[in-house]
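Engineer: Fold the stuff below for me.
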Amino acid sequence: MDNQILKGQAALVTGGDSGIGKGVALALARAGAKVVVNYAHNHDAATEVIKEITDIGGEAYAHGTDVSHEGDVQDMFKFMFEKYGTIDILVNNAGLQKDARFLDMTLEQWNTVIGINLTGQFLCAREAAKEFIRRGVVEGVSKAAGKIICMSSVHEVIPWAGHVNYATSKGGIMMMMKSMAQELAPHKIRVNSIGPGAIQTPINKDAWDTPKALEKLLTLIPYGRIGQPADIGNLAVWLASDESDYITGTTIFSDGGMTLYPGFADNG
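Structural biologist: Numbering: from 1, shown residues only. A predicted model of the protein is given here:
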């Protein structure tokens, strides 16, 4: 196990069975947190994440939940409280894409993405905040009563044609996060977002799976490499720790410079 900066804390990672969520769950466990790994459909993948965590001496459970359904979210938090008694860290990571040109986008595609990516984060954050306020700050565990980390994207600020539902969900996460942070700060609850850029995960495999695709992608990344789930996991650990105790209401982009609009690097 690595530096136990989160020892004694309980974390919930939604969409923790693959990609960025898996990277975050593993990083939190290495930092000493006990983890509930939420998944939507892939029980086998979630079980594998649990095994990887227990193999390094950590503690974790898997729970299948559709985060867009209020009753299911409430049941998931009951499960977490049965296992760990409380929650200290919520990582709102569950998300998906259903891409289409704007004129061809169906209401089902719109509602599904908004339901998981935005409403799901609202429902989970609300349940976590209720518990943070009920319990308050626990001396010796954390300076904060609780930490909420919303997984956003560079597309909370960069428009994305062909992905209007996804970009809208991420822009909504930005304002939801800031509004929650403003309201919850007096309760010693910190709320922040991580804005990943291009991260090498299954959701964007077409963008990096061939040398030609990767070369094209790297033209958007001034730092010259694609990100890894561990990059986001390490940032999540820091945001969940007391080292970032004075930070709330902020999106931190981990994107290799994608939000620097590299198309203007040579004066446009």
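Engineer: Show me where the protein has its strands.
Structural biologist: 10-13, 34-39, 60-64, 89-92, 146-151, 189-196, 251-254 (DSSP state E).
Engineer: now for the ones you listed, which one comes closest to residue 223?
Structural biologist: Nearest to residue 223, of all these, is strand 251-254, at 10.5 Å by C-beta to C-beta. For glycine as for every other residue, the C-beta is placed from the backbone atoms N, C-alpha and C.
Engineer: ok so, going back, need the strands of the chain in TSV (columns: mean pLDDT).
Structural biologist: Shown next, in TSV, are the strands of the chain (pLDDT from 0 to 100):
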stretch	mean pLDDT
strand 10-13	98
strand 34-39	98
strand 60-64	98
strand 89-92	99
strand 146-151	98
strand 189-196	98
strand 251-254	98
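Engineer: I'd like the ones you listed as CSV, with distance to residue 111 and mean neighbour count appended.
Structural biologist: CSV is the format used below for those (distance: least, C-beta to C-beta, whole Å; neighbours: other C-beta atoms under 10 Å):
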stretch, distance to residue 111, mean neighbour count
strand 10-13, 24, 28
strand 34-39, 21, 28
strand 60-64, 21, 19
strand 89-92, 19, 30
strand 146-151, 20, 28
strand 189-196, 23, 25
strand 251-254, 25, 19
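Engineer: Residue 121 is nearest to which of these?
Structural biologist: Comparing those by C-beta to C-beta, strand 89-92 comes nearest, at 4.1 Å.
Engineer: so what does the closest one touch, helix or strand wise?
Structural biologist: For strand 89-92, the packing partners by 3 or more C-beta pairs under 8 Å, 6 or more residues apart in numbering; DSSP states H and E come out as strand 10-13, helix 19-30, helix 120-135, strand 146-151, helix 229-240.
Engineer: Those: which one's closest to residue 165?
Structural biologist: helix 120-135 (13.8 Å).
Engineer: Output the lowest mean pLDDT helix or strand found in the chain.
Structural biologist: Sorting the helices and strands of the chain by mean pLDDT, DSSP states H and E puts helix 211-218 at the bottom, at a mean of 91.
Engineer: which parts of that helix are buried?
Structural biologist: Using 16 or more other C-beta atoms under 10 Å as the test for burial, helix 211-218 gives 217-218.
Engineer: Would you mind pulling the contact partners of that helix?
Structural biologist: With C-beta atoms under 8 Å, 6 or more residues apart in numbering as the test, helix 211-218 has contacts from 198, 206-208, 224-226.
Engineer: 10 Å - rerun?
Structural biologist: Contacts to helix 211-218, defined as C-beta atoms under 10 Å, 6 or more residues apart in numbering, come from residues 197-198, 200, 204-208, 210, 224-226, 256, 258, 262.
Engineer: Sort out which residues of the helix ranked longest in the chain are buried, please.
Structural biologist: Counting residues, the longest helix found in the chain (DSSP state H) is helix 164-184. Neighbour counts over helix 164-184 (16+ other C-beta under 10 Å) mark 164-174, 176-178, 180-181, 184 as buried.
Engineer: Residue 258 is in contact with residue 225, correct?
Structural biologist: No - Residue 225 lies out of contact with residue 258 (C-beta atoms under 10 Å); the separation is 11.6 Å.
Engineer: who's more crowded, those two?
Structural biologist: residue 258 (23 against 12; other C-beta atoms under 10 Å).
Engineer: Understood, closing this out.
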